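[1] When you get a sec, could you give me coordinates for this:
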Amino acid sequence: MIGVPNALQRLSILEAHTRSFKLAEEVDLSHLAELTVGYVGADIASLCREAAYVAMKRMLNFSSSDSSGMHYVYSD
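    Sure, this is the predicted structure:
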């Protein structure tokens, strides 16, 4: 049986799952690793996927304003 990863292992998992992400400077993966006590690899993968999804939604909402000032909101 494999146990729950410790903070250093969670940091490694976070780094692996965010390797292709362009993270803002204020993103502190070490702090996230400390906050995710009890998370396993699948939980961390889901967390990263959801964060990417939220960031994409924000970008789409921001870039969807047209020249008339209308703002389109996409919902899922």
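[2] How far away from the center of its chain is stretch 33-53?
    In terms of C-alpha atoms, centre = their mean, to the nearest Å, the centre of stretch 33-53 is found 8 Å from the chain centre.
[3] got it, and stretch 42-54?
    Here the centre of stretch 42-54 is set off from its chain's centre by 5 Å, with C-alpha atoms, centre = their mean.
[4] buried set for that stretch?
    Neighbour counts over stretch 42-54 (16 or more other C-beta atoms under 10 Å) mark 44, 47, 48, 51 as buried. Backbone N, C-alpha and C define where each C-beta goes, glycine included.
[5] For the first one, report the pLDDT, please.
    It refers to residue 44. On pLDDT, residue 44 comes in at 97.
[6] Can you tell me the element the residue nearest to it when sequence neighbours are not counted falls in?
    Leaving aside its sequence neighbours, residue 44 sits nearest to residue 13 (C-beta to C-beta, 6 or more residues apart in numbering; 4.7 Å). Per DSSP states H and E, residue 13 falls inside helix 7-18.
[7] what sits up against that helix?
    Identification of contacts with helix 7-18 by C-beta atoms under 8 Å, 6 or more residues apart in numbering yields 5, 29-30, 32-34, 36-37, 39, 41, 44-45, 48.
[8] Kind regards, and thank you for your time.
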